[in-house]
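Student: with the sequence up front, the predicted model follows.
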Amino acid sequence: MSAIEFASPREPVVAGCLPAPVASGPLPRHRTVGVRVGDVMVGGGAPVVVQSMTNTDTADIDGTVAQVAALARAGSELVRITVDRDEAAAAVPYIKEKLLARGVTAPLVGDFHYIGHKLLADHPACAEALDKYRINPGNVGFKDKKDRQFGAIVELAARHGKAVRIGANWGSLDQELLTHLMDLNAASAAPLDARAVTREAMVQSALLSAARAEEMGLGRDRIILSAKVSAVQELIAVYRMLAQRSDYAIHLGLTEAGMGSKGIVASSAAMGILLQEGIGDTIRVSLTPEPNGDRTVEVKVAQEILQTMGFRTFVPLVAACPGCGRTTSTVFQELARDIQSWISTSMPEWKATYPGVENLNVAVMGCIVNGPGESKHADIGISLPGTGEVPTAPVFIDGKKAATLRGPAIAADFKGMVADYIEKRYGLGAKTAAE
Ligand code: SF4
């Protein structure tokens, strides 16, 4: 039986001026064994988990605590930190303690390269404080040390009851394995091109290491695999192979995605295709931030990928048309921007006060061409007057025209209507009435 199983036929693509808000019905998922990381389930049919990574020096306890807390507040459900030397390993238990004191419970993942076996053995409090260890089979050790050092980490993970991510990476691929496969390929009757052999080496590196970890006593329910590449088509090919050949939980991510829109587009393109095929149990968007930039952007992008594809909901969606020559005033752009930022800043409070508010869909449209139609599809939508149109703005609630706004306070009036809608639909009164 194929490792890819579709729980139901694919949802049809909804055509229109705006993206479909949330697909209804079950979406196809590649079946994997669930792995518990702290109190977060990865794989096994659980919702796709958003994770991120700090870029602070882990030895800087306060700086790392602040960034982990910011990432967790932004919605990162797992946070990875670098553990590269004794000072960093020694800091980990204090970081965990301080986070818990601040009410931040996001599980911590330790990122180990080269000397992870030694750091985990020398710092048992670090091994205990972390919820998952990430190791790279390409640099866990070399030649005769490789198996021994890999085994030491696996043993420690089993002893402490922790999960392990075995993360192969194109840039630090197991060279012995790659050379072996290249030699075999060269001797074959129909040799493949070098890229195909490298893809095979990536997949084998992850799978052979996982099999070895299982032989050493680490349960399949403690193993997550990744095989990261920086080129979109290669990434898609490698993850398809990984999913076809195993049922380990999968961490999905494009490595070295890059800065700004380039990184966002490349990650969305690669992960979007794989997620649509049901591949990926947890995702990380590896964006390079601007110097001193906001690290939490990668969390927002990961959430938006999942939400726009209909896998999860995190924040209310504001659908806005792109605007065109029919919207020559700035009212439309300003209202779309104001509503979006008002929702973002209100969400921490709304989450507590209005359970389910993340499912809200708001539409802000620029003119009569698509405005009324698209506004009707949203929970609450406004169609602003385009250039030369009568200066009125119909508001639609649950598909029906509810009001027509006029005058200079259209934006404020619409905001008030959205607030009323949220109160009525998600507030205490709504719950009481439903009971
Ligand atoms: S202003 Fe009107 S025509 Fe232009 S993109 Fe928006 S809805 Fe479409």
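Tutor: Great, that's in hand.

Student: how about stretch 384-403 against the ligand, any contact?
Tutor: Yes - counting by Cβ under 6 Å from any ligand atom, the ligand has neighbours in stretch 384-403: G386. For the C-beta atoms, the positions are set from N, CA and C on the backbone; glycine is no exception.

Student: how about the residues of this structure by the ligand?
Tutor: 17, 321-324, 326-327, 365-367, 369-371, 386.

Student: could you point out which element follows the helix or strand hosting A210?
Tutor: Element membership for A210 (DSSP states H and E) is helix 194-215. Where DSSP H and E defines the elements, the next helix or strand beyond helix 194-215 is strand 223-228.

Student: packing partners of the next helix or strand after that following strand?
Tutor: In the C-terminal direction, the helix or strand that comes right after strand 223-228 (DSSP H and E) is helix 232-245. With contacts taken as 3 or more Cβ pairs under 8 Å, 6 or more residues apart in numbering; DSSP states H and E, helix 232-245 sits against helix 194-215, strand 223-228, strand 249-252, helix 260-276.

Student: list the buried residues in helix 232-245.
Tutor: For helix 232-245, the neighbour count (16 or more other Cβ atoms under 10 Å) marks 232, 234-243 as buried.

Student: before we move on, what about stretch 300-315?
Tutor: Within stretch 300-315, the residues that count as buried by 16+ other Cβ under 10 Å are 300-307, 309-311, 313-315.

Student: distance check, L254 against V301.
Tutor: 11 Å (Cβ to Cβ, to the nearest Å).

Student: hmm, I typed the wrong one, I wanted G260.
Tutor: According to Cβ to Cβ, G260 stands 11 Å off from V301.

Student: now swap in S375 and tell me
Tutor: Between S375 and V301 the distance is 27 Å, computed by Cβ to Cβ.

Student: can you check D122 too?
Tutor: Taking Cβ to Cβ, one finds D122 at 36 Å from V301.

Student: likewise A403?
Tutor: Separation of A403 from V301 (Cβ to Cβ) stands at 35 Å.

Student: which of the buried residues of stretch 300-315 sit farthest apart?
Tutor: By the measure Cβ to Cβ, K300 and G310 form the most distant pair in the buried residues of stretch 300-315, at 17.5 Å.

Student: could you give the mean pLDDT of stretch 408-423?
Tutor: For stretch 408-423, mean pLDDT is 93.

Student: show me the contact partners of it.
Tutor: Residues from elsewhere that reach stretch 408-423 (Cβ atoms under 8 Å, 6 or more residues apart in numbering): 331, 334-335, 338-339, 342, 350, 354, 357, 360, 362, 379-380, 382, 384, 393, 395, 397, 402-403, 405, 429-430.

Student: out of the residues you listed, which are inside strands?
Tutor: 362, 380, 382, 393, 395, 397, 402-403, 405 (DSSP state E).

Student: can you say which of the residues you listed are buried?
Tutor: So, by 16+ other Cβ under 10 Å, the buried ones in the ones in strands among the contacts of stretch 408-423 are 362, 380, 382, 393, 395, 397, 405.

Student: what about the helices in the stretch 251-400 of the chain?
Tutor: Secondary structure of the stretch 251-400 of the chain (DSSP state H, counting those that start in this stretch): helices at 260-276, 297-308, 331-353, 371-377.

Student: mean pLDDT added to these, as a markdown table?
Tutor: Shown next, in a markdown table, are these (pLDDT from 0 to 100):
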| stretch | mean pLDDT |
| --- | --- |
| helix 260-276 | 95 |
| helix 297-308 | 95 |
| helix 331-353 | 87 |
| helix 371-377 | 92 |
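
Student: can I get the ones you listed in JSON lines including distance to L27?
Tutor: Shown next, in JSON lines, are the helices of the stretch 251-400 of the chain (distance: least, Cβ to Cβ, whole Å):
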{"stretch": "helix 260-276", "distance to L27": "8"}
{"stretch": "helix 297-308", "distance to L27": "11"}
{"stretch": "helix 331-353", "distance to L27": "24"}
{"stretch": "helix 371-377", "distance to L27": "20"}
